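Undergrad: I'll drop the sequence and a predicted model, then ask my questions.
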Amino acid sequence: MTIIDDLRRALGDAAILTGSHIGPRHRSDASETGTAAPLALIRPRTTDEVATALRLCHAA
């Protein structure tokens, strides 16, 4: 089981984007150090889902 699997199970498939499903605007930040694709983009719908995602990521 990976963290992505855990997040999908907890939040549902629609809340997790990976690979080519992550658009270019999510591949950089204000640091201007280049671009890199994130492992996943998490789109929680509620504060409970935010808390769940943080708990799972912290435990990973």
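TA: Nice, I can see it.
Undergrad: residues in contact with the closest residue to Ala37 other than its chain neighbours?
TA: In space, and not counting its chain neighbours, Ala37 is closest to Arg27: 5.6 Å by CB to CB, 6 or more residues apart in numbering. For glycine as for every other residue, the C-beta is placed from the backbone atoms N, C-alpha and C. If you count contacts by CB atoms under 8 Å, 6 or more residues apart in numbering, Arg27 has them with 35-38.
Undergrad: could you check how far Arg27 is from Ile42?
TA: The gap separating Arg27 from Ile42 is 15 Å, by CB to CB, to the nearest Å.
Undergrad: residue boundaries of the strands in this protein?
TA: Along the chain, the stretches classed as strands by DSSP state E are 16-17, 41-42.
Undergrad: what about stretch 20-39, start to end distance?
TA: 11 Å (CA to CA, to the nearest Å).
Undergrad: and it, which residues are buried?
TA: By 16 or more other CB atoms under 10 Å, stretch 20-39 has no buried positions at all.
Undergrad: centre of the chain to it, how far?
TA: Counting by CA atoms, centre = their mean, to the nearest Å, stretch 20-39 is centred 12 Å from the centre of its parent chain.
Undergrad: over to stretch 41-50?
TA: Offset of stretch 41-50 from its chain centre (CA atoms, centre = their mean): 9 Å.
Undergrad: go on, stretch 16-33?
TA: Taking mean C-alpha positions (CA atoms, centre = their mean), stretch 16-33 and its chain are 10 Å apart.
Undergrad: and it, how far apart are its ends?
TA: 25 Å.
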